[in-house]
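Fold the following, please.
(2 chains)
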Amino acid sequence: MEVRFSLTKRLAELAGFQSETVQLSPSERLDGALRQVAHRFQGTEAAELTENGRLHSSILVVVDGTACRPNQAADVELKGGEDIDLLLPIAGG
Amino acid sequence: MTTNTVHGRSQNRVLEPATEHPFDHEPPDRHRRQKLLPWLDDAAQERIYGSTVLIARVGGLGGPLTQSLAMAGVGRIIFYHDGNLLDEDLHRMVLMSPDGVGRPRAPQAIESLQRRGRPETRVEGFDARIRPQDAARWMEVADLAIGAAPTYEERLTLGDAARRAGKPFVDAAMYDDETHLLCVHPSEGACLRCLIPESPKWRDDFPVVAAVSATVGNMAAYQCLRILAGAPVPWGRLIHFDLESMDFRKTKLPQNRECPTCIAGTEPI
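As a prediction, the model looks like this:
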């Protein structure tokens, strides 16, 4: 199965890509999908947004419009075909 | 006498004022037009007159935000904004002026806000970054806290203090043409620290154009006025607005069960 990730603009700048489709084995949960994205961040400016192969806890993960935290991702089952948005908090004022 | 240039048919025409204005015999009411809004009746306007807000920074985002609050009649504005004005600030900081370059920003902002507000408006500004003890003290009197700073530390400081005091908090931020807006309920749902458990390490010399910072600043000002007036707002929803694509997204934030601010809850004052 596969899911599609979309990154908000600032995060996409750091990571070097705006969206990506990730292939997953059946019954894989959200944390597995996020680990693939975290791996994809390595070698880019977004690498500092990862900790031990996981996304930084401040990145908001939104699965088909429902938000969850990266540290709750192990509880989220995926069926395939989900749209997953990653939002990086910003602080410019 | 008003001098006006009329382009087209007749240029440089001097317009004579009307001999009698239709409102000449009514007492002036600066806020008459905004009170035509359904949610902003006389009672709501009185609540705004009697309200106090605490804000971190009055720069490119917080400047237009507080300007709109002052113009709308907010009774007392307390802000923290450290540092001297740079020439490169002038493209976005509406409360500052070119003759203030090299001087502290806070007194200039006080003067601008005082001029924009009612004669009764109180403006208190501090040439400093807000600290947790400052925020805790001011939240005893403030009705609302607002985060408009370019650091997560200042935003979290205000957000934590507001939740502990049982007061609402509005956080507004931008980067390039991307904006965030969050209204945090005094006691329910996710707070800012649920979203950002600790200050991220990354920092940026963020790209900014005034059209974007003022847009999100005024979006935030509108929600602040609604909160002060007692009107509904989208509590706990992260508003993400991309001004390039004009995509607008509203996401309900999950409360973080491990959030220390939410666990501590409201402290009696």
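
Run through the residues of chain A sitting next to chain B.
A:8-10, A:48-49, A:56-58, A:60, A:62, A:65-69, A:71-72, A:85, A:87, A:89-93 (Cβ under 8 Å from any Cβ of the partner chain). C-betas here are computed from N, CA, C, even on glycine.

Quick check on those: which are buried?
Neighbour-count burial (16 or more other Cβ atoms under 10 Å in any protein chain shown) applied to the residues of chain A next to chain B gives A:8-10, A:49, A:56-58, A:60, A:62, A:67-69, A:85, A:87, A:89-93.

quick one: contacts for the residue positioned nearest the centre of chain A?
Centroid check for chain A by Cα atoms, centre = their mean gives A:Leu34 as the closest residue, at 4.6 Å. A:Leu34 makes contact with A:Arg54, A:Leu55, A:Val61, A:Pro70, A:Ala73, according to Cβ atoms under 8 Å, 6 or more residues apart in numbering or on different chains.

The first one - nearest residue in space that isn't next to it in sequence?
On the basis of Cβ to Cβ, 6 or more residues apart in numbering or on different chains, the spatially nearest residue to A:Arg54 that is not a chain neighbour turns out to be A:Ala38, at 5.7 Å.

where does the stretch 1-150 of chain B come near chain A, residue by residue?
B:Arg57, B:Gly59, B:Gly60, B:Leu61, B:Gly62, B:Gly147, B:Ala148, B:Ala149, B:Pro150.

Write a ChimeraX command that selects only the buried members of the contacts of A:Leu34.
In ChimeraX, the members of the contacts of A:Leu34 classed as buried (16+ other Cβ under 10 Å) are selected with the following command:
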select /A:54,55,61,70,73
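
List the buried residues in stretch B:98-118.
Buried residues in stretch B:98-118 (16+ other Cβ under 10 Å): B:100, B:105-106, B:108-114, B:116-118.

Repeat that for stretch B:138-150.
Quick answer for stretch B:138-150 (16+ other Cβ under 10 Å): B:Trp138, B:Met139, B:Ala142, B:Asp143, B:Leu144, B:Ala145, B:Ile146, B:Gly147, B:Ala148, B:Ala149, B:Pro150.

follow-up on the earlier one: take the residues of the stretch 1-150 of chain B next to chain A and write them to JSON lines, including pLDDT.
Formatted as JSON lines, the residues of the stretch 1-150 of chain B next to chain A follow (pLDDT from 0 to 100):
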{"residue": "B:Arg57", "pLDDT": "98"}
{"residue": "B:Gly59", "pLDDT": "98"}
{"residue": "B:Gly60", "pLDDT": "98"}
{"residue": "B:Leu61", "pLDDT": "98"}
{"residue": "B:Gly62", "pLDDT": "98"}
{"residue": "B:Gly147", "pLDDT": "98"}
{"residue": "B:Ala148", "pLDDT": "98"}
{"residue": "B:Ala149", "pLDDT": "96"}
{"residue": "B:Pro150", "pLDDT": "93"}
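
Inside helices: which ones of those residues?
B:Gly62 (DSSP state H).

How are the strands of chain A distributed by residue range?
For chain A, applying DSSP state E gives strands covering A:2-7, A:19-23, A:50-51, A:54-55, A:60-63, A:66-68, A:83-87.

ok, residue 51 - how many residues close by?
With no chain named, the answer covers chain A. 11 (other Cβ atoms under 10 Å in any protein chain shown).

let's do chain B instead
Neighbour count of B:Ser51, defined by other Cβ under 10 Å: 21.
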